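*Asks:* my questions are about this predicted structure, shown below with the sequence.
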Amino acid sequence: MAVRVALRNKCGFSGFLLQLSYGSRQGRVCASPVIAAQQRNNSTTTNIKVDFDQSTGVAVMYMQSPPVNSLSLDFLTEFCINLEKLEMDKSCRGLIVTSSQPKVFSAGLDIMEMYGKSPEHCGEFWRAVQEMWLKMYSSNMATIAAINGSSPAGGCLMSMTCDYRIMADNPRYSIGLNETQLGIVAPFWFKDTIINTVGHRTAEMALELGLLFSPSEALKIGLVDQVVPEDQVLTTATQAMTKWLAVPDHARQITKSLMRKPTLDKLTSSREADIQNFVSFITKDSIQKSLRVYLEMLKKRKG
Ligand SMILES: CCC/C=C/C(=O)SCCNC(=O)CCNC(=O)[C@H](O)C(C)(C)COP(=O)([O-])OP(=O)([O-])OC[C@H]1O[C@@H](n2cnc3c(N)ncnc32)[C@H](O)[C@@H]1OP(=O)([O-])[O-]
């Protein structure tokens, strides 16, 4: 419980999210018990659908923001609200994150949130990115990413926050932190997360070169834990979850905290400085130019 509280206290705008969330187990913001009961098993908001099976204690969160589940400010806010609702519900012990979009898990941060925007907007956006990472990386739930499509940059980051990753065996899909390819730099907590996942040397090369890995390559370096046929990603995630839930929650949670707390603490203690760094970096003319070139390349590639 102490760990649960300690982890919760890390999240800067959890109070804000709590006000927006409903059906909280602790009953803080429960406008109507009937509505809360109805929404307990299934809820759909604009960009996120949650199926919560109370008999297993496992929720599946589907990202459904066409065309590519890019992580916009709205998307991230909604994602965190849904996450916090599940986190507050003690009967929810496991979370599987997946995509409803064909071919894409998530295209990463929404570039349009960083291109041609005011410093204030960029700051607000970055705080939401931090919040997603803090909440996911410190989650008390067992978390599995069912990566059923490409997962570059912020999409890869999101999947790395999970305890376990299963990817579809399709050589057209790729995963990795490709930020340098856009002329931008993954911040220290992206770097720490990939180091914690694949080790220092592999992370160094992957980050500097902005490498995107095929599913089999990702498996080889430990960026994902399992590669399975495309139509079996979700069922495999559900099966894998039983192994994670067979471990007593408190033991798994405390161990997770032991492994991740130093990394989490680094960002929690420097959030404002990290936001300032990001804003001054991303609003530079040269960086804006790199983003424009990359956006044009994306459009051309499409044509
Ligand atoms: C310091 C900061 C750290 C940064 C971290 C990041 O995550 S940076 C992010 C790094 N992310 C990347 O480098 C990933 C870039 N994306 C891709 O590589 C591919 O889109 C794909 C492989 C994800 C999907 O391929 P596919 O053939 O299925 O799809 P498609 O390519 O045809 O795209 C469809 C539409 O979506 C648009 N759009 C796409 N991504 C983004 C985005 N992130 N944002 C906004 N928009 C995006 C695309 O322009 C197109 O728009 P249109 O013309 O319809 O108006």
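*Replies:* Perfect, I can see it now. Here the structure is a predicted model, which means the values were calculated and not measured.
*Asks:* mind listing what's buried along stretch 186-196?
*Replies:* Under the neighbour-count criterion of 16 or more other CB atoms under 10 Å, stretch 186-196 has 186, 187, 189, 190, 191, 192, 193, 194, 195, 196 buried. Where C-beta positions appear, they are placed from N, C-alpha and C, glycine not excepted.
*Asks:* mean confidence for it?
*Replies:* When pLDDT is averaged over stretch 186-196, the result is 98.
*Asks:* same check on stretch 100-112?
*Replies:* Stretch 100-112 comes out with an average pLDDT of 97.
*Asks:* what of stretch 53-68?
*Replies:* Mean predicted lDDT for stretch 53-68 stands at 97.
*Asks:* what's the span of it, first residue to last?
*Replies:* One end of stretch 53-68 to the other measures 26 Å (CA to CA, to the nearest Å).
*Asks:* same question for stretch 208-220.
*Replies:* End-to-end distance for stretch 208-220, by CA to CA: 19 Å.
*Asks:* for the ligand, what are the nearby residues on this protein?
*Replies:* Residues of the chain found near the ligand (CB under 6 Å from any ligand atom) are 67-68, 70, 103-104, 107-112, 150, 152-154, 178-179, 182, 184-186, 298-299, 302.
*Asks:* just the buried ones from the residues you listed?
*Replies:* Buried, going by 16+ other CB under 10 Å: 68, 70, 104, 107-111, 150, 152-154, 178-179, 182, 184-186, out of the residues of the chain next to the ligand.
*Asks:* picking up where we left off before, can you flag which of the residues of the chain next to the ligand belong to helices?
*Replies:* 154, 298, 299, 302 (DSSP state H).
*Asks:* does residue 126 touch residue 275 like I think?
*Replies:* Yes: the pair residue 126 and residue 275 qualifies as a contact (CB atoms under 8 Å) at a distance of 5.1 Å.
*Asks:* more neighbours, these two?
*Replies:* Taking neighbours as other CB atoms under 10 Å, residue 126 and residue 275 compare with residue 126 leading, 23 against 18.
*Asks:* in contact with the more buried one, which residues?
*Replies:* Counting by CB atoms under 8 Å, 6 or more residues apart in numbering, residue 126 touches 274, 275, 278, 279.
*Asks:* do residue 86 as well
*Replies:* Neighbours of residue 86 in contact, by CB under 8 Å, 6+ apart: 50, 52, 59, 61, 92, 95, 141.
*Asks:* check residue 252 too.
*Replies:* Contact analysis of residue 252 by CB under 8 Å, 6+ apart lists 142, 244.
*Asks:* so it versus residue 220, what's the distance?
*Replies:* Taking CB to CB, to the nearest Å as the measure, residue 252 falls 27 Å from residue 220.
*Asks:* can you give me the helices for the stretch 201-303 of the chain?
*Replies:* Secondary structure of the stretch 201-303 of the chain by DSSP state H, counting those that start in this stretch: the helices cover 215-221, 233-245, 249-268, 271-282, 285-302.
*Asks:* could those helices be laid out in JSON lines, adding distance to residue 209 and mean pLDDT?
*Replies:* Putting the helices of the stretch 201-303 of the chain into JSON lines (distance: least, CB to CB, whole Å; pLDDT from 0 to 100) gives the following:
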{"stretch": "helix 215-221", "distance to residue 209": "13", "mean pLDDT": "98"}
{"stretch": "helix 233-245", "distance to residue 209": "27", "mean pLDDT": "98"}
{"stretch": "helix 249-268", "distance to residue 209": "23", "mean pLDDT": "98"}
{"stretch": "helix 271-282", "distance to residue 209": "20", "mean pLDDT": "98"}
{"stretch": "helix 285-302", "distance to residue 209": "16", "mean pLDDT": "94"}
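*Asks:* so which of these comes closest to residue 46?
*Replies:* Closest of the helices of the stretch 201-303 of the chain to residue 46 is helix 233-245, at 22.0 Å (criterion: CB to CB).
*Asks:* got the angle for the closest one vs helix 249-268?
*Replies:* Angle, helix 233-245 to helix 249-268, by axes from the mean of the first three to the mean of the last three CA atoms, to 10 degrees: 110 degrees.
*Asks:* which helix or strand contains the most centrally placed residue in the chain?
*Replies:* Nearest residue to the geometric centre of the chain (CA atoms, centre = their mean): residue 158, 2.7 Å. Per DSSP states H and E, residue 158 falls inside helix 154-160.
*Asks:* about what we covered before: separation between the residue nearest to the centre of the chain and residue 62?
*Replies:* For residue 158, the distance to residue 62 (CB to CB) stands at 14 Å.
*Asks:* and for residue 137?
*Replies:* On the measure of CB to CB, residue 137 and residue 62 end up 21 Å apart.
*Asks:* do you know the pLDDT at residue 231?
*Replies:* What the model reports as pLDDT for residue 231 is 97.
*Asks:* burial measure for it, as a count.
*Replies:* 9.
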